[in-house]
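Undergrad: Here is my input; please provide its structure:
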Amino acid sequence: IGGGGGDGGDDGDTVSAWAELRVVKKKMLRERMRMVRGTIYRKI
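TA: I've put the predicted structure just below:
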């Protein structure tokens with residue numbers, strides 16, 4: 001993501017990009033937890 005520090009408009013883009021990244025990471029974590037729980041249940 002662009003490193004133009006002086007640009008105010010560019011700043012908004014980076015903030016929204018970070019927010020999207022955070023959401024994606026949360027989704028991935030949730031999916032991973034679901035997978036882990038599934039494997040644990042299968043073993044029992």
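
Undergrad: For the most centrally placed residue in the chain, give its distance to residue 33.
TA: With distances taken as C-alpha atoms, centre = their mean, the chain has residue 25 as the residue nearest its mean C-alpha position (2.4 Å). From residue 25 across to residue 33, the span is 13 Å (C-beta to C-beta, to the nearest Å). Placement of C-beta: from N, CA and C, glycine included.

Undergrad: can you check residue 27 too?
TA: Taking C-beta to C-beta, one finds residue 27 at 11 Å from residue 33.

Undergrad: and what of residue 21?
TA: Taking C-beta to C-beta as the measure, residue 21 falls 19 Å from residue 33.

Undergrad: Return the set of buried residues in whichever strand or helix holds residue 37.
TA: Using DSSP states H and E, residue 37 sits in helix 8-43. The neighbour-count check on helix 8-43 (16 or more other C-beta atoms under 10 Å) flags nothing as buried.

Undergrad: got a list of what the residue nearest to the centre of the chain touches?
TA: Taking C-beta atoms under 8 Å, 6 or more residues apart in numbering, we find residue 25 in contact with no residue.

Undergrad: Tell me the spacing between it and residue 19.
TA: 11 Å.

Undergrad: and what of residue 42?
TA: In terms of C-beta to C-beta, residue 42 sits 35 Å off from residue 19.

Undergrad: any idea how far residue 19 is from residue 26?
TA: Residue 26 sits 11 Å away from residue 19, going by C-beta to C-beta.
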